[in-house]
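> here is a sequence with its predicted model. Questions after.
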2 protein chains.
Amino acid sequence: MSERLVVIGGDATGMSAASQARRLRKPGELEIVVFERGHFTSYSACGIPYWVGGEVEERDDLIARTPEEHRARDIDLRLRTEVLEIDIDGRRVRSRDLESGVETWTGYDKLVFATGATPIRPPLPGIDAQGVHGVQTLDDGQALIDTLESIEGRRAVVVGAGYIGVEMAEALIHRGYQVTMVNRSAEPMSTLDPDMGALVRKAMEGMDIQVVSNAEVTGIRADEAGRARAVTTSDAEYEADVVVLGIGVRPNIDLARAAGLPLGPNEGILTDLSMRVRGHENIWAGGDCVEVLDLVSGSLRHIPLGTHANKHGQIIGSGIGGDYATFPGVVGTAISKVCDLEVARTGLREQDARTAGLQYVTVIIESTSRSGYFPGTALMTVKMLAERRTGRLLGVQIVGREGAAKRIDIAAVALTTRLTVEQMTALDLGYAPPFSPVWDPILVAARKAVTAVRRNP
Amino acid sequence: MSERLVVIGGDATGMSAASQARRLRKPGELEIVVFERGHFTSYSACGIPYWVGGEVEERDDLIARTPEEHRARDIDLRLRTEVLEIDIDGRRVRSRDLESGVETWTGYDKLVFATGATPIRPPLPGIDAQGVHGVQTLDDGQALIDTLESIEGRRAVVVGAGYIGVEMAEALIHRGYQVTMVNRSAEPMSTLDPDMGALVRKAMEGMDIQVVSNAEVTGIRADEAGRARAVTTSDAEYEADVVVLGIGVRPNIDLARAAGLPLGPNEGILTDLSMRVRGHENIWAGGDCVEVLDLVSGSLRHIPLGTHANKHGQIIGSGIGGDYATFPGVVGTAISKVCDLEVARTGLREQDARTAGLQYVTVIIESTSRSGYFPGTALMTVKMLAERRTGRLLGVQIVGREGAAKRIDIAAVALTTRLTVEQMTALDLGYAPPFSPVWDPILVAARKAVTAVRRNP
């Protein structure tokens, strides 16, 4: 007897879950219906800044699998169809075809929430002016590109200085804009400690990006035609021909909340380790709409990243298909680039460690990406946090050039396996002059951290 | 009362040990004497191919710390002084000043063996002809450069296709030579499985390096002036204006053997985990002259690499200075490059796993260094070995371009912490389109390995 799986959301988590379920269950065993309110499926939202910046030429390059490809694998994909309501007891969802306006109820045996996240759009005066853009979906990216191609001015203001903000700053520089980044915090990249964020700021200033810190945006000034002309803060006004919002996202949980699903401290859906919604045998959730366990601090977090979303989809699809897989949690790894600057972090910042009740030592070292004598070697600053007494690694942040970003993976695996900094000093890491000094920067930091742990008994 | 430390060998292990001991013990507490038979100390032997190739301009760039710098820190460094004999019972060493010929006995309280390794130089006809060069020491490198600058021909033959061999092939290409690599094995890089070595061979052939496999060198043909003119094998003759030997090295253990120190199955000195020579309270050994524990197979190996040598020196110096540190062992990580080809390995090859009595599955995947749509993305082939039933990671080999080499570190930490391939699929690795596909190639391989383990119960 055939069951029906309904998936809400057709990007990374939703389509990975659908595809993996299809791999394990034939169409005669499992019918799969996916509702997606946008025009696209399975695209790389993380790639949007590079498409806007012109490094990626075509929008379709960002699409990993087209609707037609999914349909060819017996996935009933309904684009431009929004789910409006979920009837948990009746095991059915109400959806609306956004073109025709027709509403339909669809029954399900199994349900997947993959509703993603929405860019935060503060209710400021002028926020809806023409030329003010978020960049979460392909549709958003296309709208921004349309604006960039139609305006004459070359002044761009990016509001927010997180990953999206700095990546959009790079994109706009590539397009020849004069970029101002307006940021509420003391330093950009608040996923880093401020001392490391300061290195990012200095590097960005060196790229002629104007970085405005400690600035609360109070509104967008528009001209008579309704077009954005400036971003205003309590202290100043920054002229703008285009404004990009990179303030962050929040989980899309209106449907889940209305259906009474459990939500966590960060307003994401709560799941068990197999990505099943807590308390619901036949409902799964994953990706940007859920909370994940931070393995280092033991707390729940909302981390909207494609890498987790894809893993969640795989795990959900496996579970639905009758296989077994779990998502143990994250350590908080994230990497980014701004022109040739590479920024990486994993684990806890100082404030995260304090919040978690952990006492810690910190060290900062400067080293190089290659042997010091090797041409092209670049400076790299590594900050490391270790727990007081036990010496357990708690976090690493790296700001540098070539070779800085992916070096964080060493720390990510060490955090996952709960290594101490002393254990890390013995790691057998790859060494050759074009790729690393004989003591890898991570090892240099670990050695210094060992000393710091001993000095704080 | 002051003690005397005598160190035999002034490169990575010896000088690291001396420096670390000096950090912990003042000159009034510990006198430190280092004997070094060459002209240089603390240099990067690993950098020699890049100096020969012209990427590193000056020989002195490879010297991390000069004799004068060491002496300024109260280390009594005796260059061009060879230790000839060790009197273990009398706690003294006999040395000869290679300039004056004067021999001296020097007493010690503590002794460090850091005698390194010597390139293998098979006793073939013509092996001592002019223009035949090994590349182990700075003196060797200078001799090779002198030859390259004095000869007119542009044909180079490299004998051996290990790390030194392939790096020297690159160096000679940079210098404009036509390079032939003659190799005893079926494929170059016998530290890889042959299927991965084949990828290296194809890439090298694409760089117009002639790779001759399954070829046993029978001699060097010299002209009447005693200058090398060709390398001969049982089947053929390869004309050469210069010949570089990259056949490998063996531990320098003549002194240790004569003194009755314990040697292992690979003819290296045997130590305990604190790098103390087994059975000798006051003698330490480290670097290219010792054997190390392979944490994956549980067996002893001889792995002459600067990264281990430096760690050994630190640990020895700490122990001598009264601190505590150990070297738990290696997992066999090594990386290398030939022009833009990057080659990496860690853990066990198939033959190593068989020798260790392990049953295993293997998978090979092809992925990319960046998101597939990102400009500059490059193909990367990853081979992974996992233990049958337990799924424990046993080894990884990577052949690719940009981003291939240091990705091996993920596997190196996973091997150290004995992760299963299933555990690896959940690793929170850095992801951003310029640096990785959303599923890192290591994760793609791990996922495929999980399936392979299940299929071989």
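Good, I have the coordinates. Numbers count the residues shown, from 1 in each chain, chains lettered A, B, ... in the order given.

> ok, now which ones touch A:Arg37?
A:80-83, A:98 (C-beta atoms under 8 Å, 6 or more residues apart in numbering or on different chains). C-beta: built from backbone N, CA, C; applies to glycine.

> could you flag which of these are buried?
Buried members of the contacts of A:Arg37, scored by 16 or more other C-beta atoms under 10 Å in any protein chain shown, are A:81-83.

> show me where the stretch 101-250 of chain A has its strands.
A:103-107, A:110-113, A:117-119, A:132-133, A:155-159, A:178-182, A:210-212, A:217-222, A:228-233, A:237-239, A:242-245, A:249-251 (DSSP state E, counting those that start in this stretch).

> can those strands go into JSON lines with extra columns for mean neighbour count?
Shown next, in JSON lines, are the strands of the stretch 101-250 of chain A (neighbours: other C-beta atoms under 10 Å in any protein chain shown):
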{"stretch": "strand A:103-107", "mean neighbour count": "13"}
{"stretch": "strand A:110-113", "mean neighbour count": "27"}
{"stretch": "strand A:117-119", "mean neighbour count": "18"}
{"stretch": "strand A:132-133", "mean neighbour count": "23"}
{"stretch": "strand A:155-159", "mean neighbour count": "26"}
{"stretch": "strand A:178-182", "mean neighbour count": "23"}
{"stretch": "strand A:210-212", "mean neighbour count": "19"}
{"stretch": "strand A:217-222", "mean neighbour count": "19"}
{"stretch": "strand A:228-233", "mean neighbour count": "21"}
{"stretch": "strand A:237-239", "mean neighbour count": "16"}
{"stretch": "strand A:242-245", "mean neighbour count": "26"}
{"stretch": "strand A:249-251", "mean neighbour count": "21"}
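
> go through the ones you listed and find the least confident stretch.
For those, mean pLDDT drops lowest on strand A:117-119, to a mean of 90.

> if we can go back for a sec, to A:Arg455, which of the strands of the stretch 101-250 of chain A lies closest?
Taking C-beta to C-beta as the criterion, strand A:210-212 is the member of these that comes nearest to A:Arg455, at 35.1 Å.

> show me what the helix or strand of chain A with the lowest mean pLDDT is packed up against.
Every helix and strand in chain A was compared by mean pLDDT, DSSP states H and E; the lowest is strand A:117-119, with a mean of 90. Helices and strands in packing contact with strand A:117-119 are listed as strand A:249-251; criterion 3 or more C-beta pairs under 8 Å, 6 or more residues apart in numbering or on different chains; DSSP states H and E.

> show me the contacts for the residue in the stretch 1-150 of chain A that chain B sits nearest to.
The minimum distance from the stretch 1-150 of chain A to chain B, using C-beta to the nearest C-beta, falls at A:Asp61 (3.9 Å). By C-beta under 8 Å, 6+ apart, the contact set of A:Asp61 is A:47, A:51, B:373.

> what about A:Pro457, how many neighbours?
6 (other C-beta atoms under 10 Å in any protein chain shown).

> coming back round to it: would you say the residue of the stretch 1-150 of chain A closest to chain B is within a strand?
No. Read with DSSP: H, G, I helix; E, B strand; the rest coil, A:Asp61 is helix and lies in no strand.

> now the contacts of A:Asp61 in a markdown table, with pLDDT and secondary structure?
Output for these, formatted as a markdown table (pLDDT from 0 to 100; DSSP: H, G, I helix; E, B strand; the rest coil):
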| residue | pLDDT | secondary structure |
| --- | --- | --- |
| A:Gly47 | 93 | helix |
| A:Trp51 | 95 | helix |
| B:Tyr373 | 92 | coil |
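
> ok, which stretches of chain A are helices?
A:12-24, A:48-52, A:67-72, A:138-150, A:163-174, A:194-206, A:254-258, A:306-320, A:350-355, A:408-416, A:421-424, A:441-455 (DSSP state H).

> can you put these in CSV and add mean neighbour count and distance to chain B?
Below are the helices of chain A laid out as CSV (neighbours: other C-beta atoms under 10 Å in any protein chain shown; distance: least, C-beta to the nearest C-beta, whole Å):
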stretch, mean neighbour count, distance to chain B
helix A:12-24, 25, 7
helix A:48-52, 27, 6
helix A:67-72, 15, 15
helix A:138-150, 17, 13
helix A:163-174, 25, 8
helix A:194-206, 18, 15
helix A:254-258, 16, 24
helix A:306-320, 26, 4
helix A:350-355, 16, 15
helix A:408-416, 27, 4
helix A:421-424, 23, 8
helix A:441-455, 21, 8
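
> nearest to B:Pro434, out of those?
B:Pro434 lies closest to helix A:48-52 among the helices of chain A, at 7.4 Å (C-beta to C-beta).

> dump the buried ones among the contacts of A:Arg37 to a markdown table, plus pLDDT.
Output for the buried ones among the contacts of A:Arg37, formatted as a markdown table (pLDDT from 0 to 100):
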| residue | pLDDT |
| --- | --- |
| A:Thr81 | 98 |
| A:Glu82 | 98 |
| A:Val83 | 98 |
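
> restricted to strands, list these.
If you go by DSSP state E, the buried ones among the contacts of A:Arg37 have A:81-83 in strands.

> restricting to the residues you listed, which residues neighbour chain B?
Among those, no residue is within reach of chain B (C-beta under 8 Å from any C-beta of the partner chain).

> in TSV, list the helices of chain A along with distance to B:Arg94.
Formatted as TSV, these follow (distance: least, C-beta to C-beta, whole Å):
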stretch	distance to B:Arg94
helix A:12-24	70
helix A:48-52	67
helix A:67-72	77
helix A:138-150	76
helix A:163-174	64
helix A:194-206	54
helix A:254-258	81
helix A:306-320	62
helix A:350-355	56
helix A:408-416	45
helix A:421-424	39
helix A:441-455	36
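
> out of the ones you listed, nearest to B:Leu443?
helix A:306-320 (8.5 Å).

> quick check: mean pLDDT of the closest one?
Computed over helix A:306-320, the average pLDDT equals 97.

> before we move on, back to that, for the strands of the stretch 101-250 of chain A, give me TSV that also has distance to A:Ala72.
Shown next, in TSV, are the strands of the stretch 101-250 of chain A (distance: least, C-beta to C-beta, whole Å):
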stretch	distance to A:Ala72
strand A:103-107	21
strand A:110-113	21
strand A:117-119	29
strand A:132-133	34
strand A:155-159	40
strand A:178-182	43
strand A:210-212	48
strand A:217-222	44
strand A:228-233	43
strand A:237-239	49
strand A:242-245	36
strand A:249-251	31
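
> parallel or antiparallel, which strands does the least confident helix or strand of chain A pair with?
Partner strands and pairing direction for strand A:117-119 (DSSP bridges) are strand A:249-251 (antiparallel).

> which residues touch A:Val444?
Residues near A:Val444 by C-beta under 8 Å, 6+ apart: A:365, A:367, A:382, A:437.

> specify the beta-bridge partners of the third one.
Translated: A:Val382. Beta-bridge partners, per DSSP bridges, of A:Val382: A:Ile365, A:Ile398.

> that one against A:Pro441, yeah?
Yes. The criterion here is C-beta atoms under 8 Å, and A:Val382 meets it with A:Pro441 at 5.0 Å.

> so what sits against both of the two?
Counting by C-beta under 8 Å, 6+ apart, the residues touching both A:Val382 and A:Pro441 are A:365, A:367, A:398.

> top of these by neighbour count?
Neighbour-wise, the shared contacts of A:Val382 and A:Pro441 (other C-beta under 10 Å) top out at A:Ile398, 29 neighbours.

> any idea how far it lies from A:Leu341?
Applying C-beta to C-beta, to the nearest Å, the value for A:Ile398 to A:Leu341 is 11 Å.
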